[in-house]
Structures are given as structure tokens and as C-alpha cells.
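Q: From the sequence below, what's the structure:
(2 chains)
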Amino acid sequence: MKLELQGITKSFDGFVANDSVDLVVEPGQVHCLLGENGAGKSTLMNVLFGLYEPTAGRILVDGKPVVFRGPGDAMAAGIGMVHQHFMLIPVFTVAENVALGNESTGVGGILNLEETRRSIKEISDRYGFDVDPDALVEDLPVGVQQRVEIIKALVRKANLLILDEPTAVLTPRETDELISIIGQLTDSGTSIIFISHKLREVKAVSDKITVIRRGKVVGTANPDAPATELASLMVGRAVDLSLGRTPAIPGDAILQVRGLNVLSETGIPAVDQVSFDVHAGEILAVAGVQGNGQTELVEAIMGLQDKATGSILLGGAELLGRNVKDIINSGVGYVPEDRSTDGLISSFTIAENLILNRYDHAPMAQGVALKLPAIAANAKEKVAEYDIRAGSSQALASTLSGGNQQKIVLAREFSRPLKLFIAAQPTRGVDVGSIEFLHRRILAERDAGTPVIIVSTELDEVMELGDRIAVLFHGQLMGIVPGNTSRDILGLMMAGANAEEALAEVAAQQVPTTIKDEPTLPGGIA
Amino acid sequence: MKTTESTHAAPGHRASGKNTGTVVPVLVRDRKPVIGYGIGALIALLFFAIGAPSALATFRLSSAGDAVELPPLAIPSAAAGWVLAALLVAATVYAWLNLRAGRKNPGWLALTYGLAFLMAFLIWVVGSANNPNISLITLLGGSIALALPMVFGSLSGVLSERSGVVNIAIEGQLLLGAFAAAVGGSITQNVYVALICAAVGGVVVSALLALFAIKYLVNQIIVGVVLNVLVSGLTAFLFGTLLAPNADALNSPPRLRSFSIPGLADIPILGPLLFRQTLLGYLMFVAVAIVWFALYKTRWGLRVRAVGEHPKAADTVGINVNRTRVINVLIGGAVAGLGGSYYTLVSVSQFSRDMTAGAGFIALAALIFGRWNPLGAFFAALLFGFATNLQYVLAQAGTAVPSQFMAMLPYVVTIFAVAGLVGKSRGPAAAGEPYVKG
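A: Numbers count the residues shown, from 1 in each chain, chains lettered A, B, ... in the order given. Predicted structure coming up:
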């Protein structure tokens, strides 16, 4: 199927998310949409999939203009979409999910899932998906859930498949599998729109690349274009690829975690017998696919997990069992992974958000009263120091971009002397310019002698910041390896191999992997 | 707070190695049901076995004039108490062993346990009455009758909540249904018109719920509560100003007569219970079956459940989320309205203030107890009806247990049920959350 978008514009209350975007996808081609978070990629795809109506412009399928009033129309025209957050019902079986909206029925609307099961098996066999139609979706790993989404589209005879950030939740190995699936699909004539902000994958899968910045197409490129060129197109200026970091000078082990166990709400061990040290002046990066216990580990250190056992010693003092405020006051700085719900109060001003950890004592307060001049002065100083771009320090945090919000969180946490600094996903959803800035700040804190823990699901960020890298899988520590460990080894560890196994396997194979190493770019963009 | 739960972690549950293709299911250990079993078994042992009365508990199985007259059932209270208590202890041990081994407790276990406990309690309480002789038919038949509006009410809840709209307004739907049936029936003197009026009355309440909850995104619980108060006030006002002064014209609806199904009504025990109903009684059985079948076996049901679980996913496959919800809430209103007509067409032949007396809220509890499943809600409502009727029957038999305690029983059962002592009750994931596109 040939798809053309002509002059697509979509605006929300005056904010233009897409500005006359033109795009042509040829049959059997993998067309990548490359752009930073918030560049307007997802909006464009939601327009194409009928979830939003375009303000202007038209869509042509095989040369004929079409109008989609809803996802149903788009699917009828042969467009399928795999959303970044899967559109699957966890308590339904695979067959029920695939059938939904497209059910075969007998007399009186009685469900007949037999036919659906047959088509699932057929597609599953053809592409080697290994999906059981009667499995409950909530029991399946994310990689398999993604295949269910692809099956959903294929059952509906999709000739064009939109994959929205498909690798965000996958291990490197699952990513390789997905790339081979994409190859099989294009061989059978399906066109793919692949949305990503990761240069490495984009270069590996695409036939053609369209770069979007601030809702506009800023250029097209071939996959063999150099990474730096694509990056600067995406960001809009030359990107400095090196942080210029110096080697760590580790001091004493300040944080000592021993035999830490955390039970999740459902009673499953989320962190399982984890022990490690973090030294003064080093960054320990914690790698792993989302949901392998990183969140619980960090929350246990911060006193946010009730069901934690073991020992967490900070400078010899036990943290476990103390309350959060106590832990903060003992000198732990914390950047939570979800800045909009845990890091900031979005209906508070910048100035107020900047003192959330110091609001109740001098110099920000005296007795029960806040000292407003001190708060204003602090805000002025931090806004300047951290280059927080806002109309004024009285602007609500919710009005800022992700990067500027994260600068508020970092400024707040760095505004007092720290004994330990923990940042979970410090650059998620942050523009490249801010990523550079945030990374430099974190490195400066390390160089000042603070032990630092960085949790990230972006392998690039982990490799770039980590002096040592700890890998978590299903709540267990797979090992701690040096910061210069290769991507292949880390990938195997993230999929459940321990450090020795991963080393042995990589040494034995020496097979070039699907995705070749590129120079590392700041944060998760590479 | 540190807990000792880590010692209960399942061994060998982890997916190990590099195998990322499968997830070994991890059983969530919920100890609450076993604790509940244990408490029940202990009560049975102490009261029903050790404290058993010496009298025979006699249950009459048929009434004079039945086609087949069964002899009454005389059960020695002590022997029966010991046997049943032993059964309850055995069930508790079995459940505990399952928990330790990380196995799931089968569904029949809870059912067997519940029935055994109920029987033991009944034998004990009847055996210790002044006149240890009651009619089982009257007890069970009355239970069904009392449960009827609750069954309709909980079906309304199932329909609405399965599509993602929390329905606290069941009480209001029942009450307006009762009112509309009384007025419509009085004016036309036609029971069928009265039934239709009742359904319309329920729909009016649910239309308001749909309007505010779905269109204007008002908090669904608040809308529901406000609607209940609104209906209560409105019907009380209309009753005082219109119905009471003109009782003959506006508040004397015709009676819905019960009729027997020839042949089936002569089956011993079951006949009088199931096949000597009013039209509304037969409708109840049919409605439970239809809603269950439609929800789990048809395209419509799959879509409704999808909308209640993950509305955005339903939207992306072309299902109109809000239309589905509106339709379901309206159907639910009609069902509850019909149930309300029981009060004015079957129970008594006139409307009075707040005559539903909280049945809508018990229906809500039945809905949760029955895990949002029409059959489960039906049996839960029957249980509540049974507990209510038991106090009337026992009052006649003259029991040592104060009737106020009997009257509390349904509510105690509800609290235990909702607290999860009888197992986890997981509702539709998106219930209570309005859906906004984009």
C-alpha cells in the first residue's frame, strides 16, 4: 500500500502539534519517523489512525484521498497501529483481544472464537511468533504482548503497520527479534512506519528516514547517513557527542546494600537478595528492562517501600525502617522516575517546587510561617543557575517542558549538601539540549565526591554515565560490570544471563549483532 | 513496616536463565480466605457441635394439598452439628494445605464450605428454638421473594459497572420504579402498563446518571448518591401532595398475581419454590440467565467488558466507548426499575415513602460479593434474602437468638464479603473512570 500525507496540520487550542507535514510511504518500505519526544510524531500517527481529525491537509491511500472518522475507518483502509502503550485488555485471552471489534459471530451475536484462533495460529506459524491464542494477556511478557498487537493488525489485513516507539519496552534481544519480524513483514509487502527517537535502531531498520522537529518535517535522509548528521537534524543544532568526562576517583563505600528483598503489592519478590556498594565519587548505573525491580530498589532506599527486608547502610547508619523525611534529611537526594506525579506538584509554582524538600526549616521557613522573600530569592538564583526557561518563577510547573521540569527537580535536590544522590530515569522525555545539561550536572556532583546511583532503561545513558554498571533482571542482580562493558554483554545480562555467562557467550559467538555500535550520543537518543 | 511475609514467598517461581519467552505464573498468596475459613470452622465447632441443642430440628418439605407430600425431615442437631463442623474443619485444612503448596483453591471448595456452614447454622438455630419445626418451603420461598428486587438491582449494577460506570443509584432506580409502577398501575389498572412504567422510572434515573457521569464527567459515586437522595425526596414529596390525598385514583395499583406452571409446579420442593411465581419472579430467572449469557458468550458482551476494562483499547478497535456505556446504564436502569415494581405490585398494593429501605445498597453489596458476575450476584442476593427471611421465620418458631441479631446478619455477611474474606473480588478495571478521547 502506498500512503501519502499531504500538508497535515493538527492544532490543539492554538498549539500546533503538526505543521503541514508531507510524507510518502512506498509499499514494502520501512519508513522511519525520527524526532525527539514531543516533536509531534505520535500526534501525526494518531491523525493517520483516525484518533484525531486533522485541522488541515489530506491523506491518500494508493493515490485516493480518504477521510478517517475513527480507528475503524483506518483499519478498514488497511492501516494497523501498535501503540506505545499496548491496547490490550489484560484479563482477556489473546483470542478475545484479537477478535475484539472484529468478531465472528453466529446467530444472535453469539461469539465464535474458533475462526480467530485459527487465524492467530496461521499468522503465528507464518512469522514464528509462538503465541498461544488461549493464554491470558496479563500472563505474557511484553515482547509477546507486542506480537499480539501485531497479530491484531495483521488479522485485520493491515498493509501498513505503524509501530510507535516499539523498542521502548524490549530487551536488546527482543529488539533484534522485532527487527527480523519487520524484515519478514516487508518481504510480504507490508509497509511499516517506525517511530523512534533512537538513531541506532532507526539506522538499522529503515529504508527511508523522515526527521520531524517541533511538528515540522525538517529533512529526509537515507539510513547510511552519519549519526551526527541525523542527530543535529533532529535537535536543530550541532550536537556535542562527548561529555568530556574524566575517570572516577572512587573513595570509601558510603552506601552498603546487603541482602535487600522487596515484596511487591501482589506478594511477588520485586527485589530479590540484592547486595552492592556505592563509593564516594562514583556513579553506579543500574540497567535493566523496565519493571525488573529498579523502581522498587530505589523506593526501598528512599523508605517508600513497606515490605523491604535486609540492610541499607548509609555511612554506617541503617536507612531501612526509617521514614522518608528522615532519609531525605540525612542527606539523600532523589529524582523519581515519574517527574509529573512524584517529582513535582504540577499545580505549584516553580518557586514552590524548588523548596519541597526544605519548606519547613530555615532559611525557607520560620516557625509555622514560610519566608516568602527567601523562597523568591532561591527561585531566582536556581532559575538562572539551571537555565530553567519559563516566563517567571511564579509560573506553574505544569506549563513547562519536560526538560525544564526535570531541571527544577535536579536544582531542588542539588540545593543542599548530599551524602547520596539517586536519579531514576533522569532524562526520560527530556530534549537533547537538556539531557546534555542534566548529565553534566550529575557528573559534577560525582566529581564533588557524592556517591551516585543512576537508574535507566536506556542502555546508552547507562553506558555513558556509569562508572560501574549493575544489571537487574526479575529483581535479581545479574552482576556488576565495569562502565566500558560492551553492549552485547549488557544485553544478555538484561535478558537474564549473569556476568560470567554473558561474557562466555559473547566470546564464543563473536557474531555481529543486528545493530552495530555507533558513537554514543547524549542520553537516550542514540 | 517490616513484615514476615518474605518467609511465605513461593520457592522456585522465578523464570530463570535466558528464557524470556515464558513467564512462570506466580501465585499471589492471599491468606485472608483461609483465615475466614478457620474462623467459620471454629464457630461451627464451638456452637453448632459442642453447643448443639439436644432436640431434633424438623424441616417440613411440603405443605398440605401438594400433589406429592414428602414426610418432614427430622435431623438430630448434635450429630449433624458434629458432622458438619468436621467437614468445615476438613475444608479449612485443605485450603491451608493448598495455600502452603502454592495451589489455587478450587471454586467448589468455597461453595461446599458456604453450604455446610449454612446448614449447620440452620440446624442449630432451629434445633434450639422453642418450637423446633419450620417449613423449609416457606423459608426458601420467602428468601427468593425478598431477594427479587435485590437481584434486579444487582443486575442493573452488573450491566452498568461492567461497561465502566459505577452505579450507586440502584436504590433510586428501585424506588422510582416502585413509584412509577404504583402511579401507572393505579391510573390504567393494568399490570403490564405498570411494569412498563416501572422500567421507564428506572431509566429516568439512569439517564440522569449517564448524562452527568458520561457526558459531564462528574464523579460517578457522587452523582449516584445525589440521585438516591433526589429520588427519595421527590417521591416523598409527590406521595405527600398527590398520592396520599388521592389514594384511590393514584395509589391503588392492581396486584401482580402468581401463577403455577402446570406439571412443573408439582415437583416436590422445587415446584413451589421456582414454578409458583409472579410474572416478575419468572422474569428474574430469565433476566439473570440472559445477562450472564450475553455478557460472556456474545459479541455485545465482549465489547461491554472491553469498554469496562480498557476503554482506550476498545476505542482503537472501533468501539464507541461512551455510546456503549450510555446504552448499558439505560438498560440497567430499566432492569432495576422493573425490580422496584415488586414493592408496589407484588409485596404491598400501594406506594409508601422510602419503601425500598436500602435494598439498592444491599444489591450493590451483592454485586461485589458476586464478583460482578450476574450468577454470582444472583446467589449473593439470594443469600441476603435468606438471611432477612430467616429472622421472620425464626421469630415465629421462637428462638433464643434475638431477632435484631438476625436482622444484622445480611450486613455482617456483606462486610466480611466485601473485606475479601471470601476471596479477592476484582471489579472492572476502568469502573468509575470517565473516558475522554485523546
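
Q: make it CA atoms for all contacts and neighbour counts henceforth
A: OK.

Q: What about residue B:222, how many residues nearby?
A: Close neighbours of residue B:222, defined as other Cα atoms under 10 Å in any protein chain shown, add up to 13.

Q: Just the element for it, please.
A: If you go by DSSP states H and E, residue B:222 is part of helix B:220-238.

Q: what's that helix packed up against?
A: Using 3 or more Cα pairs under 8 Å, 6 or more residues apart in numbering or on different chains; DSSP states H and E, the elements in contact with helix B:220-238 are helix B:170-188, helix B:191-210.

Q: And residue A:270, its phi and psi?
A: phi -90, psi -30 (degrees, to the nearest 10).

Q: For it, give me its contacts.
A: By Cα atoms under 8 Å, 6 or more residues apart in numbering or on different chains, residue A:270 lies in contact with A:261-264, A:292-293, A:296, A:474-475.

Q: likewise residue A:328?
A: A:302, A:357.

Q: Identify each buried residue in the host helix or strand of it, please.
A: In this structure, residue A:328 is located in helix A:324-329 according to DSSP H and E. Neighbour-count burial for helix A:324-329 flags A:324, A:327-328 (criterion: 16 or more other Cα atoms under 10 Å in any protein chain shown).

Q: Restricting to C-alpha, output that helix in PDB.
A: Extracted in PDB, the C-alpha atoms of helix A:324-329 (Å, rounded to 0.1, in the frame of the first residue of the first chain):
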ATOM      1  CA  VAL A 324      11.100   9.200  54.000                       C
ATOM      2  CA  LYS A 325      11.500  12.600  55.600                       C
ATOM      3  CA  ASP A 326      14.200  11.200  57.900                       C
ATOM      4  CA  ILE A 327      16.000   9.700  55.000                       C
ATOM      5  CA  ILE A 328      15.800  12.900  53.000                       C
ATOM      6  CA  ASN A 329      17.100  14.900  55.900                       C
END
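
Q: What's the mean pLDDT across it?
A: Mean per-residue pLDDT for helix A:324-329: 93.

Q: What of stretch A:297-316?
A: On average, stretch A:297-316 scores 92.

Q: and what of stretch B:102-113?
A: Regarding stretch B:102-113, the rounded mean pLDDT is 80.

Q: what's the answer for stretch B:351-362, then?
A: Computed over stretch B:351-362, the mean pLDDT rounds to 93.

Q: swap in stretch A:438-448?
A: 92.

Q: thinking again about what came up before, export the helices and strands packed on helix B:220-238 to JSON lines and tack on distance to residue A:12 and mean neighbour count?
A: JSON lines is the format used below for these (distance: least, Cα to Cα, whole Å; neighbours: other Cα atoms under 10 Å in any protein chain shown):
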{"stretch": "helix B:170-188", "distance to residue A:12": "39", "mean neighbour count": "31"}
{"stretch": "helix B:191-210", "distance to residue A:12": "27", "mean neighbour count": "25"}
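
Q: for the ones you listed, which one sits closest to chain A?
A: For chain A, the closest of those is helix B:191-210, at 22.9 Å, according to Cα to the nearest Cα.

Q: so what does the closest one touch, helix or strand wise?
A: Other elements packing on helix B:191-210 under the criterion 3+ Cα pairs under 8 Å, 6+ apart are helix B:170-188, helix B:220-238, helix B:321-341.

Q: Residue A:165 versus the residue of chain A most remote from its centre, what's the distance?
A: What lies farthest from the middle of chain A is residue A:107; by Cα atoms, centre = their mean that is 45.9 Å. Counting by Cα to Cα, to the nearest Å, the separation of residue A:107 from residue A:165 is 41 Å.

Q: How about the contacts made by residue 43?
A: Defaulting to chain A. The contact partners of residue A:43, taken as Cα under 8 Å, 6+ apart, are A:10, A:17-18, A:52.

Q: List just the nearest of those residues to residue A:465.
A: Using Cα to Cα, residue A:17 comes nearest to residue A:465 of the contacts of residue A:43, at 32.6 Å.

Q: any idea how far that closest one lies from residue A:412?
A: Residue A:17 is 31 Å from residue A:412, by Cα to Cα.

Q: swap in residue A:86?
A: 34 Å.

Q: so what's the nearest residue to residue A:308 once chain neighbours are set aside up against?
A: Excluding its sequence neighbours, the residue lying closest to residue A:308 (Cα to Cα, 6 or more residues apart in numbering or on different chains) is residue A:262, at 4.3 Å. For residue A:262, the contacting residues are A:269-272, A:296-297, A:300, A:305, A:307-309, by Cα under 8 Å, 6+ apart.

Q: where does the stretch 151-300 of chain B dip in pLDDT?
A: For the stretch 151-300 of chain B, no stretch has pLDDT under 70.

Q: what does it put close to chain A?
A: B:297-300 (Cα under 8 Å from any Cα of the partner chain).

Q: what about 10 Å?
A: Proximity of the stretch 151-300 of chain B to chain A, by Cα under 10 Å from any Cα of the partner chain, involves residues B:293-294, B:296-300.

Q: where does the stretch 301-450 of chain A come near chain B, residue by residue?
A: Checking the stretch 301-450 of chain A against chain B by Cα under 10 Å from any Cα, the hits are A:303, A:305-310, A:320-323.
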